[in-house]
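Undergrad: Fold the stuff below for me.
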Amino acid sequence: MTPKVGGKVDYHRRTQVGRALHELGVQMIPAYSPEARGRSERNFATWQGRLPQELRLRQLGTLEAANRFLRQHYIAEFNRRFQVAPGQRGNAFLTCRNRDLERIFSLQFERCVNRDNTVSFQNLSLQIERVRWRATLAGCQVVVHQHLNGTLSLTHGPHCLGRYDRSGTPVSAKPSTATSRGRGTAPFPCNPIPKINPTQSARAQL
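TA: Take a look at the predicted model:
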């Protein structure tokens, strides 16, 4: 991000996109002139000018209907009309070594655990189950991951503390094995949530 308008990019204060690119090993080259951003700005203008009109003509008013229209009709038609053949064959894409794309393509926010072992996030209270490796997480810094399908998860270093649906309700939790003194609780399982296509989900927000 740029600390001041028109200033240089501060690589130590990354945006969500900058963080994701860094974790993927992609070098971001900032553009400091309008001419360098011409192609992307024209592309955004085309999407913003055409897509809302297409959705309005078809009376599509839900996210699900818009996503279905994008996948089945709009993207193919858009590419047919506007794509340009490359100047030379081949590509420079490299194999992605990081397989944890679900985590990378999530929005990530640091939060401090409350005294009651909960985390406050967007008017939600996310309850953390007891873990074996620490008596309490109160006061610890954790990361809230907001995934592309709206679900949430919590991590503390390499540990996954839990998964939650959009309302903040824990999902995939195992029955508690705590004794009457509150000990012996199994750590919160982190079962994988349904896989999604980040490219298709991102298109739906244009």
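
Undergrad: domains for the chain, by residue range?
TA: Domain segmentation of the chain under automatic domain parsing yields 31-84, 102-191+198-206.

Undergrad: At which residues are the helices of the protein located?
TA: Remark: helices assigned in the chain by DSSP state H are 16-24, 38-57, 63-69, 75-82, 101-104, 198-203.

Undergrad: what sits against the closest residue to residue 111 other than its chain neighbours?
TA: Spatially, and ignoring its direct neighbours in sequence, residue 111 is nearest to residue 119 (4.9 Å; C-beta to C-beta, 6 or more residues apart in numbering). Glycine gets a C-beta too; all of them are placed from N, C-alpha and C. Listed by C-beta atoms under 8 Å, 6 or more residues apart in numbering, the contact set of residue 119 reads 111, 112, 113, 125, 126, 128, 142, 144, 154.

Undergrad: do residue 116 as well
TA: Residue 116 is in contact with residue 138, counting by C-beta under 8 Å, 6+ apart.

Undergrad: quick one: it from residue 139, how far?
TA: From residue 116 over to residue 139 the distance is 12 Å, taken as C-beta to C-beta, to the nearest Å.

Undergrad: of the contacts of residue 119, closest to residue 169?
TA: residue 126 (9.4 Å; C-beta to C-beta).

Undergrad: do you know how far the residue nearest to the closest one when sequence neighbours are not counted is from residue 152?
TA: Of all residues not flanking residue 126 in the chain, residue 119 sits nearest, at 4.5 Å (C-beta to C-beta, 6+ apart). Residue 119 sits 9 Å away from residue 152, going by C-beta to C-beta.

Undergrad: Please identify every residue contacting each of the two.
TA: Contacts common to residue 119 and residue 152, judged by C-beta under 8 Å, 6+ apart, are 126, 144.

Undergrad: Dihedrals phi and psi, residue 138?
TA: Backbone geometry at residue 138, expressed as degrees, to the nearest 10, gives phi -60, psi 130.

Undergrad: Which residues are in contact with it?
TA: Here residue 138 is in contact with 113, 114, 115, 116, 117 (C-beta under 8 Å, 6+ apart).

Undergrad: cool, residue 55 as well?
TA: By C-beta under 8 Å, 6+ apart, the contact set of residue 55 is 61, 66, 69.

Undergrad: At which residues are the strands of the protein located?
TA: 107-112, 118-121, 124-127, 141-146, 152-156, 159-164 (DSSP state E).

Undergrad: quick one: which of those is nearest residue 170?
TA: Checking the strands of the chain against residue 170 by C-beta to C-beta gives strand 159-164 as the closest, at 5.6 Å.

Undergrad: got the contact list for the spatially most central residue of the chain?
TA: In the chain, the residue lying closest to the centroid (C-alpha atoms, centre = their mean) is residue 106, at 2.1 Å. The neighbourhood of residue 106, defined by C-beta under 8 Å, 6+ apart, consists of 145, 146, 147, 148, 153.
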